[in-house]
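> Have a look; sequence and predicted model below, questions after that.
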Protein chains: 4
Amino acid sequence: MKPLAIFDPHPRAMDLLFSPEDMRRLKSLVRLSVWEGSRMPAAQLDPKLPHAMFLVGQADLPEARLERARHLKCIINVEGNFQPNVAYEYCFARGIHVLGVGGAFGESVAEMALGMALCMARGIPEADRLFRQGKEIYGRASNQESFLLGGSEVGFIGFGNLGRALLKLLAPFRCRIRVFDPWLPARWLAEYGLTAASLEEVMSASRVIFVLAGATADNQAMIGKHEFDRLQAGAAVVVISRASLVDFDALTKRLSRGDVSAAVDVFPREPFDKRHPLRRLPNVLLSAHRAGSVRSVYRHMGAMIVDDMQQILAGLPPVRLQRAERETVARMRSMPVK
Amino acid sequence: MKPLAIFDPHPRAMDLLFSPEDMRRLKSLVRLSVWEGSRMPAAQLDPKLPHAMFLVGQADLPEARLERARHLKCIINVEGNFQPNVAYEYCFARGIHVLGVGGAFGESVAEMALGMALCMARGIPEADRLFRQGKEIYGRASNQESFLLGGSEVGFIGFGNLGRALLKLLAPFRCRIRVFDPWLPARWLAEYGLTAASLEEVMSASRVIFVLAGATADNQAMIGKHEFDRLQAGAAVVVISRASLVDFDALTKRLSRGDVSAAVDVFPREPFDKRHPLRRLPNVLLSAHRAGSVRSVYRHMGAMIVDDMQQILAGLPPVRLQRAERETVARMRSMPVK
Amino acid sequence: MKPLAIFDPHPRAMDLLFSPEDMRRLKSLVRLSVWEGSRMPAAQLDPKLPHAMFLVGQADLPEARLERARHLKCIINVEGNFQPNVAYEYCFARGIHVLGVGGAFGESVAEMALGMALCMARGIPEADRLFRQGKEIYGRASNQESFLLGGSEVGFIGFGNLGRALLKLLAPFRCRIRVFDPWLPARWLAEYGLTAASLEEVMSASRVIFVLAGATADNQAMIGKHEFDRLQAGAAVVVISRASLVDFDALTKRLSRGDVSAAVDVFPREPFDKRHPLRRLPNVLLSAHRAGSVRSVYRHMGAMIVDDMQQILAGLPPVRLQRAERETVARMRSMPVK
Amino acid sequence: MKPLAIFDPHPRAMDLLFSPEDMRRLKSLVRLSVWEGSRMPAAQLDPKLPHAMFLVGQADLPEARLERARHLKCIINVEGNFQPNVAYEYCFARGIHVLGVGGAFGESVAEMALGMALCMARGIPEADRLFRQGKEIYGRASNQESFLLGGSEVGFIGFGNLGRALLKLLAPFRCRIRVFDPWLPARWLAEYGLTAASLEEVMSASRVIFVLAGATADNQAMIGKHEFDRLQAGAAVVVISRASLVDFDALTKRLSRGDVSAAVDVFPREPFDKRHPLRRLPNVLLSAHRAGSVRSVYRHMGAMIVDDMQQILAGLPPVRLQRAERETVARMRSMPVK
């Protein structure tokens, strides 16, 4: 009999994640027990847990519950953020893989980040607004503030999945890239051609800065007044990973001086306050948490899930999904997807 | 005595083109005769011509005038487009180089083209408009039409300076790129990893299409109703080289169906008709001939000019500027810069 | 007081591994207890184990011994191959990292593999031999069997550290690369631009084949008569990871037909049998286990060790060294370094 | 009636140059008049010249002869070196293209140059020699002099077709590359990521030096005692373009000190003196003018010829073959192919 896999993917849905072909492959590998549209109720989940080899979803998994999941080999989070509702140490000690789909967002977020950076470097949305008002300025006169990304000084705050994906897209631009990431050794960054730097250096030396780090216990509001004051005139900041890293009041104040610009895809509360002054600044590009959620990304997640389930069933290590790390999973602070 | 170089760069200016360092190098190479702010009057130009080795500018140079320029070795057009006001055959027969700065625009236009393509693929300006109106849609619901450029089918119409520069930026996106360029052999394109295709194929098979060709006698309004009808739903067209290739009425009609989008940086007449319906379409991104005219581009031109003057003075071929080609220069139809 | 790190690196030595600068960094991080020139005797090791946070070396670590190493956080193998003398499950359950330096060899082995492939494609060593005998053949007549690596069909057997490093070097050659690696999903390989294939396909479809897999319980003598019979005339095989994958008698027989060639850096027993017929074949390139052991590789290992010790001391996951994997470490069958 | 094309390709042959498919294309474009096996006699050539549009070969073409070739549009040299037997100025003045196949050798020579560099960096041929003598040394002890190409300082002498092709292959090695090429501006080299340098700097600062320049009136024996004395211990020199750049006595003397190595593919006279001491040095890798003459290179030439003939027939500029340059063609000094 095929092993049991519990799918409790809310807020995702099965057909969002799996192509017909991947659904076929999935069914050839495991028996499926699926609950969609809401979190699987405990009354459903608990009797199945002792028989399951895979649990796909974000169910609460305290030690007591995991103890009953005697055949569990793998938990797969399909949100992208590990939450504190799992007894990770228990899993690690027993060799239960805890995997996440976070890596699937890299390409989509990187394309958006690059698009936003080019928008700011060249004033694309402003020029379109002026044109629609019949007030467009032609040619060189409209490019007083424009600059080429090619050859510019760039800064990354954080270098994980998003940074790796963005680095690939930036390769032809021959930028010098400084990275602030206190979780990574300087020489490891150097192997990617990156220069390790302090947060202050990144803020002051870069023309374009990308905020790419996940939310952790250590980086709440890390980019505040002190950091924004370091920005050089003409700098452009892309806030695209997690809003909690940024002090939005400080960002708004810095932008209101008018000499720097920002693109923002993530907000402290979503929907964002309708009366927040950020909404009215001309030098900000606003986007409603849209960077990662392109349709093909979800099918990419599904493919990764099927592949890694197949790996585990073959007695092999998973290679496509991201693993929760003993040292860092407890420090993660991203909020659940709504 | 140093050789004479006439600079008649209007509509460019000397300090737009030359950094202080390049101006110093220039002065060490040649005696300068400069006229700025307007085209150099014949009364000024004609007496100097017999002594000049270099002529930088877009002066009318019919055969009669060139005959008197007995020491002329090189004409440098600083607009970027070769005009029909030069007796090219005369120059070629006598070994007078006719060079242009067109290549300097590649990087700047390519960055803009990529930025515009990403704007359309991800709905960046529309999302910003909605956000400013307080009507933003969060996350996946806002991405119904979004797609990744990575892995998409791409089409190039023309593959010259702009195409080469854009190709570099697209390298990490792993796109299949079809090219329509009747001036280039299929196998030459294949060496760049490109697939030669007919105009119809490019229009019908591509998700993103870049119009990158210069204006020639053969391609006026080449992209019209028949071609736009070939577009697949969701296609995005970037019109960034010359407006004359495109039938703007056909483009406007095709866009008004709403299932494709376009970004337009060049217009049949500039300023563009204030009442043209294109200005009111939601699925167009408008830009007022801004793609090439970033400040650093002009200094890049200046550097190329100095380098190639030095080459010629050393008895070497110019390598940085673009040469007018005997076969094609007469077919060029770009309008002069205003 | 700084934590204790036991260094028992034999057959490596401290100054082989650590630059003066890395030695300084090491001393700033930990107290060192070093034994060189031979394996640290149990009488030395056992009393230190209960106090050590790091153990660098290949000591036998059965469960009984590990139980006494109450503060151990990390074991670092400096040979490159994980051996069966460690109670891995015990380590994984307790969160003791088991790390190895295998990744440090990638670049060095990849350069050698590429050099060997080019030697065979172009007959470099044979041409040199002929020249020294005064029998050289000039130009095209000497290139009857030569071919370009550029655009060739290439096969990888195994895609781990070595494959990744070689893939980078092959990028400009635009080869189609088929990979046989039963431990990896086809779609994961596809993300690297690689085509998953069976061993038979790799052998029959490739002009150049690289044997890049580590020795495992499953791949002993996997490439034998059946596989070598699949080779096309003109094929070239580079045996550079582990000799145990290859049936050397079958390889010798296949080579003696004269229509294929091989480069061999690893041998079933080293020193290799002085009378083995392989030594006398003209179409083999012989190298005495030289691919990985370039001086700078060892200092690279040292840098990785220092960086990951610093990560662990900071409560962060190691990122530079390779981790032993629960699923695969027990299947490894490489022999210890002598 | 189709235009006439005279093919006088000796020392090449038609079926060496043209695939069956290209021969078909050729016949669809032009009427062929072919002479093979020796240079076409004047008695054959002269009566045809007045009718020919294309002349493929290395015939003597003084002005008197060209005057009678009233319809000639294009001369194609299939050797790869422009010779002084053509009245180039006459051709340029009349718009007759003078093209050469030199560019076709780039990839083949670059692969050989890289293979030779890796051979020297890793002692591949020497290790093979020792192994065949039963005197092989295993592992690290054999790598005392070995170094990684990755990250090394590299020098190019000349940066034309060969340099461009080699640069592509070196991209993944992250070398700093200094270039001595007095025909090219420093900033043009910088756009390729290269550093312009004097010949002395290239010789003294580089670990691996590639001699890639064509023979000219200015560079005869340019690399002599003074230059070889600048080499650092451990340096490796690849002599692969033209022997005439190198003082072979100085090279031999420098090599006899034993602390540097060289790979040599071209010789002052070929066959090379059987008693020359270079043949007996252990630290030289010898190759009998084999770098460019791989079979597929000639078919590549043929493809380029057909493509450019088609361009010219369509009134377009040739784009695949290399053009003789007014300024430099007279300085070329490569000897004819025998």
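Looks like it came in fine.

> mind listing the helices for chain A?
A:14-17, A:20-29, A:42-48, A:63-68, A:88-94, A:106-122, A:124-132, A:161-170, A:186-191, A:199-205, A:225-228, A:248-256, A:295-313 (DSSP state H).

> which one of those helices is the most hemmed in?
helix A:106-122 (a mean of 27; mean count of other Cβ atoms under 10 Å in any protein chain shown). No exception for glycine: its C-beta is placed from N, CA and C like everyone else's.

> Contact residues of the stretch 51-200 of chain A facing chain C?
Within the stretch 51-200 of chain A, the positions adjacent to chain C are A:89, A:92-95, A:183-185, A:187-188 by Cβ under 8 Å from any Cβ of the partner chain.

> which one among these gets closest to chain D?
Checking these against chain D with Cβ to the nearest Cβ, the nearest one is A:R187 at 13.2 Å.

> List just the one of the helices of chain A that sits closest to D:A262.
Judged by Cβ to Cβ, the one of the helices of chain A that comes nearest to D:A262 is helix A:186-191, at 32.0 Å.

> Could you give the separation of that closest one from the chain centroid?
Centre-to-centre, helix A:186-191 and its host chain are 22 Å apart (Cα atoms, centre = their mean, to the nearest Å).

> Domain-wise, how is chain A divided?
The record's domain parsing of chain A by automatic domain parsing lists A:4-101+A:295-331, A:106-286.

> need those domains in JSON lines with distance to B:V266 and mean pLDDT, can you?
Shown next, in JSON lines, are the domains of chain A (distance: least, Cβ to Cβ, whole Å; pLDDT from 0 to 100):
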{"stretch": "domain A:4-101+A:295-331", "distance to B:V266": "32", "mean pLDDT": "97"}
{"stretch": "domain A:106-286", "distance to B:V266": "10", "mean pLDDT": "98"}
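
> out of those domains, nearest to B:R299?
domain A:106-286 (11.3 Å).

> quick one: the strands in the stretch 201-338 of chain A?
Along the stretch 201-338 of chain A, the segments classed as strands by DSSP state E, counting those that start in this stretch run A:208-211, A:236-239, A:261-264, A:284-286, A:322-323.

> so which of the ones you listed is the most packed in?
Highest mean neighbour count among the strands of the stretch 201-338 of chain A (mean count of other Cβ under 10 Å): strand A:208-211, with a mean of 29.

> Measure how buried A:Q232 is and give me the count.
13 (other Cβ atoms under 10 Å in any protein chain shown).

> if I pick it, what's in contact with it?
Each residue near A:Q232 by Cβ atoms under 8 Å, 6 or more residues apart in numbering or on different chains is listed here: A:204, A:207, A:260.

> near chain B, which residues of the stretch 151-300 of chain A show up?
A:168-169, A:171-173, A:270-272, A:274, A:279-280, A:285-290, A:293-297.

> residue contacts, the closest residue to A:A291 other than its chain neighbours?
Closest residue in space to A:A291, ignoring its immediate chain neighbours: A:M112 at 4.0 Å, by Cβ to Cβ, 6 or more residues apart in numbering or on different chains. Residues in contact with A:M112, defined by Cβ under 8 Å, 6+ apart, are A:240, A:265, A:287, A:290-291, B:118, B:122, B:124.

> can you rerun that using 10 Å?
Applying Cβ atoms under 10 Å, 6 or more residues apart in numbering or on different chains to A:M112 gives the contacts A:105, A:166, A:238, A:240, A:263, A:265, A:287, A:290-292, A:294, B:118, B:121-122, B:124, B:146, B:148.
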